[in-house]
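Student: got a structure for you, letters missing:
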């Protein structure tokens, strides 16, 4: 006896027809008859009266139907309960943009390579840090890679308005924001730049959909400065392209700034810090084995990777 035989049996009992039941469960009528024949042989009873126009349950069939329904219901409950222990399934990940530039794509690929093809699927939602935290709260994603940014004087961060008590935060990559300039810019040869040196510079920065925007403005105010922000964009490549053309300067983490563009990242005095952090709901991490395995894989990868 197997679960499919029980499904076949209950389908015939419901539709009172081998023809209709075979259509509903997508097998041939002859195959359906063989499954029922094997089930009847095992039980040593006839489950259906086939002598009438409609297929009817025999007295034995009526009693067995109650058991079959109970067995199938218990089977589905057991399968559902075991999902939290299974490694296979779908993992919904949220991530800030520039996954490759901060080193996330390699460990994600190595995680997937641990499983037979198709056993684990990862779906990725790209957005800003605050939007990702809101998606976590709404349970639309399982985990999120965010940018945790602290201001130059360490008195505020981009997470200050978010309740993180229900989450584990795993720090993966530490980085500082650098001033990024064209190689032909007068500051390109500097070893260290102060905020005061930037008072007259023309800035091109990430727009207000990124929490960096507000923290940059706040940091300038802390220094008693009013920055000249000439252009804002939601595309890092646009910003770096403008900087390369010496249209202005920008502020980006060194990892993100180190690209194919002909630009120079320069360390800042009292820099903003940008840490790539994996945020995981505590409850989900406890319940879902796949989530725990993914978190451990990511943390172990970055702990064993040499700092750049």
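Tutor: Yep, that arrived. Values in this document were obtained by computation on a predicted structure and should not be read as measured data.
Student: okay, which residue is most central for the protein?
Tutor: residue 93 (0.1 Å; C-alpha atoms, centre = their mean).
Student: any idea how far the strand or helix carrying residue 69 is from the chain center?
Tutor: Following DSSP states H and E, one finds residue 69 within helix 59-82. Averaging C-alpha positions (C-alpha atoms, centre = their mean, to the nearest Å) puts helix 59-82 36 Å from its chain's average.
Student: Quick one: list the elements packing against the following helix or strand past it.
Tutor: As assigned by DSSP H and E, the chain's next helix or strand after helix 59-82 is strand 89-95. The contact analysis (3 or more C-beta pairs under 8 Å, 6 or more residues apart in numbering; DSSP states H and E) places strand 89-95 against strand 120-126, helix 129-137, strand 143-150, helix 289-304. Glycine gets a C-beta too; all of them are placed from N, C-alpha and C.
Student: what's the first one in contact with?
Tutor: Contacts of strand 120-126 from elsewhere in the structure, counted by C-beta atoms under 8 Å, 6 or more residues apart in numbering, are 87-97, 99, 108, 111-112, 132, 135, 140-141, 290.
Student: for that strand, which positions count as buried?
Tutor: Residues of strand 120-126 classed as buried by neighbour count (16 or more other C-beta atoms under 10 Å): residue 120.
Student: got the angle between it and strand 89-95?
Tutor: 20 degrees (axes from the mean of the first three to the mean of the last three C-alpha atoms, to 10 degrees).
Student: I'd like the numbering to begin with 10 instead of 1 from here.
Tutor: OK, 10 is where the count begins now, so the last one is strand 129-135.
Student: what packs against the strand or helix carrying residue 39?
Tutor: In the assignment (DSSP H and E), residue 39 maps to helix 38-52. When contacts are defined as 3+ C-beta pairs under 8 Å, 6+ apart, helix 38-52 packs onto helix 12-24, helix 27-33.
Student: Buried residues of it, list them for me.
Tutor: Going by neighbour count (16+ other C-beta under 10 Å), the buried part of helix 38-52 is 41, 44, 45, 48, 49.
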